[in-house]
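Student: Curious how this folds, go ahead:
(2 chains)
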Amino acid sequence: MSDRAGITRRGLFRGIGTAGLLAGCKPSERPPTTTDDPGGAAGPGAGEAALGPGPAPLAFTLNGEAKTVEVAPHVTLLAALREQLRVTGTKVVCDRGACGACTVLIDGVARNSCMTLAHDVAGAAVTTVEGLASGGKLSVLQQAFIRHDALQCGFCTSGMLMSCQGLLERSRGQKLAREDVEAAIAGNLCRCGTYPNVVAAVLDAAGGSA
Amino acid sequence: MPDDQRVTLKVGFAEQLRDIEVQLPAGEPKPWDARSELKVVGKPHPRVEAPLKVSGAAKYTHDIVPPNALWAAVLRSPHPCAVVESIDVAPAQSQPGVSAVLALVKPGERVIFAGQDIAAVAAKTPEQAEAALRAIAVGYKTEPFVVDTAAAMQDGAPLVHRGKVTERSTEGDEPGAGGSAGQRGNVRTSPSMKKGDAKKGLRMAKVSHEATYTTQVHTHSALETHSIVVQWDGPKQATVWCSTQGIFSVRDEFAEVFELKPADVHVHTDFLGGGFGAKFGASAPGSRMGFIAGELARKAGAPVRLLLDRKEEHLCTGNRPDSRQHVKIGASADGKLTAIHVVAHGSAGIGTGAGVGRNAFGIYSRCPNVLVESHDVFTHAGPGTAMRAPGHPQGAFALELAIDELAKKLKIDPLDLRLSHDEHPVRRHQFELGRKQFGWDAGRKQAAALRDKQARVRRGFGVAASIWGDFGRGKAVVATVSVLRDGSVEVKNGLQDIGGGITTVVAQVVAEVLQRPVEAVRVRLGDSELGPSVGSGGSVTTASVTPAVRAAAEGVKTQLTALAAKQLGRKPEEVTWSEGQARAGSKSIAWAELCKKIEGEAVVATGTRPETYGAYPVKFMGGNSYQIAGVQFAEVRVDTWTGVVGVERVLAVHDCGKVMNPLTARSQVQGGVILGTSYALTEQRVMDRVRGVMLNPNLETYKIAGARDVPREIDVVFTPVDTGANNTGAIGIGEPSTIPTAAAIACAVHDALGVAVRDLPLTPDRVLAALGAVPTRGGG
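Tutor: Alright, predicted model coming up:
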């Protein structure tokens, strides 16, 4: 797992540093510096440039394809995918990290794209639900979802699939138990009540007992 | 067309089958009954639309972006009650990216819940729209308010409505519910349900029980928020995409609001991200979304997307009302119920519809005296609306737990007490079946042993029943089936795919009639131009749509039979079909060959569904439709030190007529159980009594059950019934599957503890309070 995938919205601010964030403010608007500033007082690190406030170029790989887009620094990966790139399989449900519907893989790790700034994925490989099938053939996991009826309205399904794909990638070769799948989808809410079928589908796809 | 026909149908369930005579309208295919041997219908089949849903290709309203579309945002009242003194939307107009601004209240108007529409803007980006809202200046004069149901009932409580109250009813409501029998203060009395003399019955009782049960406000929380996208195609024509359970309800309301012909409003709902009763019409129950999006689009001269955020979804799009039910129940010394009396008060906020369903009135029908008095209590909160079996989960919780508390006093097994008062033969069969399969008797003994030992971790076993009607609608659906010259089959209807599995079932019905593979049937739904259909609410979809689809498929088959007869040089009545081939005598013609002989592009037939013509063996009260039966058993594990309740197992035994697709039907029941579990254990809207606002309008503190919070095991058993209701034998399952869950869990907790927890949700503090381990907090 790369460090990049661990960056969160808050982490980005920390990385840019307070000075970087304040660079866009007029002097009179600067809040007083406090001693308990969790971000520390470091300026931009070596090789890091302050972005914004306007759109800035962002290059990353989306479902195996190189993408370059102009994205403002405040835009989340979720919004960039849906509204700028029009890749709409990833869904908005809570937009604050509580439901998992927007889960994507960043360098193979399942992440909430609503809690990730688009610029956090510079240089990274992002996989969305659209990237699971290859050559027009659904993946083993997608087929297992269909077989086990692990979807109803389908709105949580993209996020569920990506959390489960993340699990399959990090556990490759290991035997999975029901608890492993439940832990992997603990952050994915479903209102139709598909959880038991999702668990069965993942165990089946992983070659375990369903 | 032949005249009306009399046919004999084999109806019933399990071993209890019999022949009945049914009068069918002209042209109606003979219903599938217990004699029918079906090859496709009734067999598990994976969802035909699933590949779209697992690949991100399924398009929901959130995903629709017409060219140049703008984002709408709505300014909502921060106050639960206030008079608008001034409103100036002009400053928003000059904000960056803004194309249109709309005031939704006038000075002098009173807003009556926090979250009510105040003003709206349309801008290029969501950030610009939000920023522009902050430029709108509104002066409010705040007024006293009440958000607590019990407080709102008091004399002198701030009045929520000062004029006449209008009821908003939708296709999600239970037919026959609603109406008013007078209003005093914030309390509006609903018509009561009465049988015999309950007060006298209580006086005659030798053993009685009386207690108050409360339930919480439950929000629908569909994952796709209410959303609507409007594009004007001309001054009097519009295309609307809407996340709706009722395409035609959107069309009609939008047409009415903008004074258009319904036919000039084209509504699309390819898919919707969940609908549990709150998505009907162009508006949300507490927000004029259709008007806002339509008017902004008209003013801006560009399409507008109005997608609510999660907070708005909690505040103004409906909810399941709360309830306070005072139950009195009495019995003779030998355990014969003499009376059930329920006085219920519930708040649908500023709306109506807080009744508690038909459970107390209809299920334990051997009780001779029943009185159910319901009242809507108005509070300054967002309106309630139909939510999956409106009223019933609340009603089931109070009734079933009261029955268990009475059974304890009577020293009678609560399942026996139920069996001796329920006359529905299918439900009795389900109780008996569940008793064996669930291990009821051994489980109750185990629970009693743990109770006697004062074990820290207890087990408990509970059971509860469901009542709903087959509300399948006649003359509401027109389905079209076409067989094209290339042999392909297409079925069209303006129905929405809500996620219950209807798309697959429609394909199965056509495949059954035409003897084609399910995969060869292309199902086109989600578009108002594909023919009239019903809303997906009240468990009516499958029962309303599949008979019309079958009628259309049979119509096509009749035409193809005539064509085959011509090709084979025989009379149509000599033609038989098998394995997709038409045969007559020794000659046959394959499907592909036959279709090539079609003159013109296709053979097309439409089909409709007549009114329900059979209701065997039990009618739903006050109607001519079948009473759907279901029971659920729950086993819980309660830690008496922490108060945490976990659900170990649920056995759901249900009847949905002829099961069309066991795979998707099972999922739907499982979903009902999970929704009910979440309602029983964690979900509740929390209102701040001081500020009058919702404290948890999100998904981190409004607690929806996740994968680790649901029952460890959910078993679903269907007890198929042939009712003679319609030509496919389908009846609904959406509502029945969630009605008894919370009640069964609460009864199981009672069994585990030996004392009842009479307030939902069954949170640890309440469990500990019921055990006397901590003091009781204020009531729910």
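Student: Near chain A, which residues of the stretch 501-650 of chain B are found?
Tutor: Taking Cβ under 8 Å from any Cβ of the partner chain as the measure of proximity, the stretch 501-650 of chain B contacts chain A at B:Gly501. C-beta coordinates here come from the backbone N, C-alpha and C atoms, glycine included.
Student: list the buried ones in stretch B:268-277?
Tutor: Residues B:268-277 are the ones in stretch B:268-277 that count as buried (16 or more other Cβ atoms under 10 Å in any protein chain shown).
Student: The biggest helix by length in chain B: which residues count as buried?
Tutor: The residue-count maximum for a helix in chain B (DSSP state H) belongs to helix B:541-568. Neighbour-count burial for helix B:541-568, counted by 16+ other Cβ under 10 Å, picks out B:541-557, B:560-561, B:563-565, B:567-568.
Student: For chain A, which residue gets nearest to chain B?
Tutor: Here chain A gets closest to chain B at one residue, A:Gly89, 1.9 Å apart by Cβ to the nearest Cβ.
Student: thinking again about what came up before, out of the buried residues of stretch B:268-277, who's near chain A?
Tutor: For chain A, the contacts drawn from the buried residues of stretch B:268-277 by Cβ under 8 Å from any Cβ are B:271-276.
Student: Domain map for the chain?
Tutor: I went with chain A, as the question did not name one. Listed by automatic domain parsing, the domain ranges of chain A are A:3-47+A:55-131, A:140-205.
Student: try chain B instead
Tutor: Taken from automatic domain parsing, chain B resolves into B:1-30+B:425-431+B:458-470+B:612-774, B:64-145+B:221-316, B:182-213+B:325-384+B:398-423, B:472-607.
Student: Reformat those domains as a markdown table; add distance to A:Val202 and mean pLDDT.
Tutor: Below are the domains of chain B laid out as a markdown table (distance: least, Cβ to Cβ, whole Å; pLDDT from 0 to 100):
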| stretch | distance to A:Val202 | mean pLDDT |
| --- | --- | --- |
| domain B:1-30+B:425-431+B:458-470+B:612-774 | 11 | 95 |
| domain B:64-145+B:221-316 | 20 | 98 |
| domain B:182-213+B:325-384+B:398-423 | 35 | 97 |
| domain B:472-607 | 20 | 96 |
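Student: Could you point out which of these sits nearest A:Leu78?
Tutor: domain B:64-145+B:221-316 (11.9 Å; Cβ to Cβ).
Student: Residue 117: neighbouring residues, count only.
Tutor: This is for chain A. As a burial measure, A:Leu117 scores 25 neighbours (other Cβ atoms under 10 Å in any protein chain shown).
Student: Not quite, go with chain B.
Tutor: Counted with other Cβ under 10 Å, B:Asp117 comes out at 23.
Student: burial count for the closest residue in space to it that isn't next to it in sequence?
Tutor: The shortest distance from B:Asp117 to any non-neighbouring residue, by Cβ to Cβ, 6 or more residues apart in numbering or on different chains, is to B:Leu104 (4.3 Å). Residues contacting B:Leu104 under the criterion other Cβ under 10 Å number 23.
Student: circling back to that earlier point, if we only consider the buried residues of stretch B:268-277, which is nearest to chain A?
Tutor: Among these, and counting by Cβ to the nearest Cβ, the member closest to chain A is B:Gly273, at 3.0 Å.
Student: Any idea how many residues pack against B:Lys619?
Tutor: 15.
Student: Chain neighbours aside, what residue packs nearest to the residue of the stretch 301-450 of chain B at minimum distance from chain A?
Tutor: Residue of the stretch 301-450 of chain B nearest chain A, by Cβ to the nearest Cβ: B:Arg310 (4.8 Å). In this structure, B:Arg310 finds its nearest non-sequential neighbour in A:Cys94, 4.8 Å apart by Cβ to Cβ, 6+ apart.
Student: Look at the one you found and give its secondary structure.
Tutor: coil (DSSP: H, G, I helix; E, B strand; the rest coil).
Student: who are the neighbours in contact with it?
Tutor: Counting by Cβ atoms under 8 Å, 6 or more residues apart in numbering or on different chains, A:Cys94 touches A:101, A:114, B:310, B:698-700.
Student: What distance do you get for B:Gly676 to chain A?
Tutor: 9 Å (Cβ to the nearest Cβ, to the nearest Å).
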